[in-house]
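J.: fold the following for me, if possible:
(4 chains)
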2 protein chains.
Amino acid sequence: MFSQTVEYALRAVVHLADRSPSPRTTEQIAAATKVPRPYLSKVLQGLSRAGLVKSQRGIGGGITLAKSPETLTILEVVEAVEPLGRIKTCPLGLSAHGVNLCPLHKRLDNALAMVEDAFRATTLAEILAEPTTSVPLCAFPGGMRPAS
Amino acid sequence: MFSQTVEYALRAVVHLADRSPSPRTTEQIAAATKVPRPYLSKVLQGLSRAGLVKSQRGIGGGITLAKSPETLTILEVVEAVEPLGRIKTCPLGLSAHGVNLCPLHKRLDNALAMVEDAFRATTLAEILAEPTTSVPLCAFPGGMRPAS
DNA sequence: AATAAAATGGATCTTGACATCCATTTTGAG
DNA sequence: CTCAAAATGGATGTCAAGATCCATTTTATT
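T.: You can find the predicted model right below:
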């Protein structure tokens, strides 16, 4: 249901938040998040155009978050790379009266709204702050940090 | 976020429920739901293999629901054509300990769970029963019925 | 038995998501 | 100034989703 690109973007941003405000190279992010390097490059370009990250060329450069982890929500990331697509008008194009959806699409949009709300309420800082509940947790983003 | 195929499948099933238990031809369903005829055919084949609808060849044949609208949920339809894809293990494949997701994926899966719950709680009968709240509603599935 | 209505299965086409590669540009460090 | 590190942009490749078409099979009606 969530595209691969969204997954990649979120991983990258979580990693950036984890190391914030240090710049990280595409290479480093790719290694830490297991995202294919060349494709990650494109995904980061998208995030850059959306203004969520800033990029710096040359030695010592890399990618940094454009906002603090406390204010950056995962909704912003999702919307930047692939909008949720809230349903605003009847997809059948019949008597398209904006506000009034048929019962079916009202339900579908309602589901999207729930997701949107949940994502809007979750900041990156929150994700990083989450106490690593149980022992053998996913090695990313908590747990031990691979060298630099 | 929801694929086109899911959208088509839901439209078709709502229409079938609306006319339940009469059989409807692919042609009729396509016309009523504005879904491209040939593609709808494939979608219905999927629903048929999943056991949600029954098909009858020949004159007087067509497609009918395999369950009553009261017991058929939109979750069943969605799962039949394109599973939600709940996240069960860390997508990074690291220390894959089933139950324990990292905070990021816990959030993502939680969103999926909300959608799943909402969809499981909604039957087709419920969608059809919904009082047509406001005047110019989407002409489908409520409103006037185009001739048989 | 013949016919017409209907679904089925297979082949094909198009498009966008995912992915890779490379030449170019920017930029800090020596 | 030169060099190497890094992002950028463009071109390309692959594959599945979305979509179409047609020959075949099933089946009710006459």
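
J.: any buried residues in the biggest helix by length in chain A, and which?
T.: Ranked by residue count and defined by DSSP state H, the top helix of chain A is helix A:103-120. For helix A:103-120, burial by neighbour count (16 or more other CB atoms under 10 Å in any protein chain shown) applies to A:Pro103, A:Leu104, A:His105, A:Arg107, A:Leu108, A:Asp109, A:Ala111, A:Leu112, A:Val115, A:Glu116, A:Ala118, A:Phe119. For every residue, glycine as well, the C-beta is placed using N, CA and C.

J.: so which of those residues would you say is closest to B:Ile74?
T.: Lowest distance from B:Ile74 to the buried residues of helix A:103-120 (CB to CB) belongs to A:Arg107, with 6.9 Å.

J.: show me what counts as buried in the helix or strand bottoming out on mean pLDDT in chain A.
T.: Every helix and strand of chain A was ranked by mean pLDDT, DSSP states H and E. The lowest is helix A:124-129, at a mean of 92. Neighbour-count burial for helix A:124-129 flags A:Leu124, A:Ala125, A:Ile127, A:Leu128 (criterion: 16+ other CB under 10 Å).

J.: widest-spaced pair of these?
T.: Pairwise distances across these peak at 7.3 Å for A:Ala125 and A:Ile127 (criterion: CB to CB).

J.: what is in contact with those two at once?
T.: The overlap between the contact sets of A:Ala125 and A:Ile127 (CB atoms under 8 Å, 6 or more residues apart in numbering or on different chains) consists of A:Ala17.

J.: how near is A:Val35 to DNA strand D?
T.: The spacing between A:Val35 and DNA strand D, counted by CB to the nearest atom of the strand, to the nearest Å, is 13 Å.

J.: same check on A:Asp117?
T.: Counting by CB to the nearest atom of the strand, the gap from A:Asp117 to DNA strand D is 25 Å.

J.: same thing with A:Gly85?
T.: Taken as CB to the nearest atom of the strand, the span from A:Gly85 to DNA strand D is 12 Å.

J.: report the contact partners of A:Ala17.
T.: A:Leu65, A:Pro69, A:Leu72, A:Leu124, A:Ala125, A:Ile127, A:Leu128 are the contacts of A:Ala17 under CB under 8 Å, 6+ apart.

J.: which of the buried residues of helix A:103-120 sits closest to chain B?
T.: Of all the buried residues of helix A:103-120, chain B sits closest to A:Pro103, with 3.8 Å by CB to the nearest CB.

J.: pretty sure the closest one sits against B:Pro131.
T.: No. Assessed by CB atoms under 8 Å, A:Pro103 is found out of contact with B:Pro131, at 9.1 Å.

J.: can you tell me what sits against stretch A:75-91?
T.: With contact meaning CB under 8 Å, 6+ apart, stretch A:75-91 is reached by A:2-3, A:5-6, A:9-10, A:13, A:43, A:46-47, A:50, A:52, A:96-98, A:100-102, A:105, A:108-109, A:112-113, A:115-116, A:119-120, A:122, B:1-2, B:7, B:138, B:140.

J.: just stretch A:19-28 next, same as before
T.: With CB under 8 Å, 6+ apart, stretch A:19-28 has contacts from A:15-16, A:32, A:37, A:40-41, A:44, A:56, A:60-65, A:68-69, A:148.

J.: how about the residues of chain A near DNA strand D?
T.: A:24-27, A:41, A:44-45, A:48, A:55-63 (CB under 7 Å from any atom of the strand).

J.: quick revisit: just the CA trace of the longest helix of chain A, in CSV.
T.: Provided in CSV are the C-alpha atoms of helix A:103-120 (Å, rounded to 0.1, in the frame of the first residue of the first chain):
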residue,chain,number,x,y,z
PRO,A,103,-21.0,6.3,0.6
LEU,A,104,-18.2,4.1,-0.8
HIS,A,105,-15.8,6.9,-1.5
LYS,A,106,-16.7,8.6,1.8
ARG,A,107,-15.4,5.4,3.5
LEU,A,108,-12.3,5.2,1.4
ASP,A,109,-11.4,8.9,2.0
ASN,A,110,-12.1,8.4,5.6
ALA,A,111,-9.5,5.7,5.8
LEU,A,112,-7.0,8.0,4.0
ALA,A,113,-7.9,10.8,6.5
MET,A,114,-7.1,8.5,9.4
VAL,A,115,-3.7,7.7,7.9
GLU,A,116,-3.1,11.4,7.2
ASP,A,117,-3.9,12.4,10.7
ALA,A,118,-1.7,9.7,12.2
PHE,A,119,1.2,10.7,10.0
ARG,A,120,0.7,14.4,10.7
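
J.: report the two of the contacts of A:Ala17 separated the most.
T.: A:Leu65 and A:Ile127, at 13.0 Å, using CB to CB across the contacts of A:Ala17.
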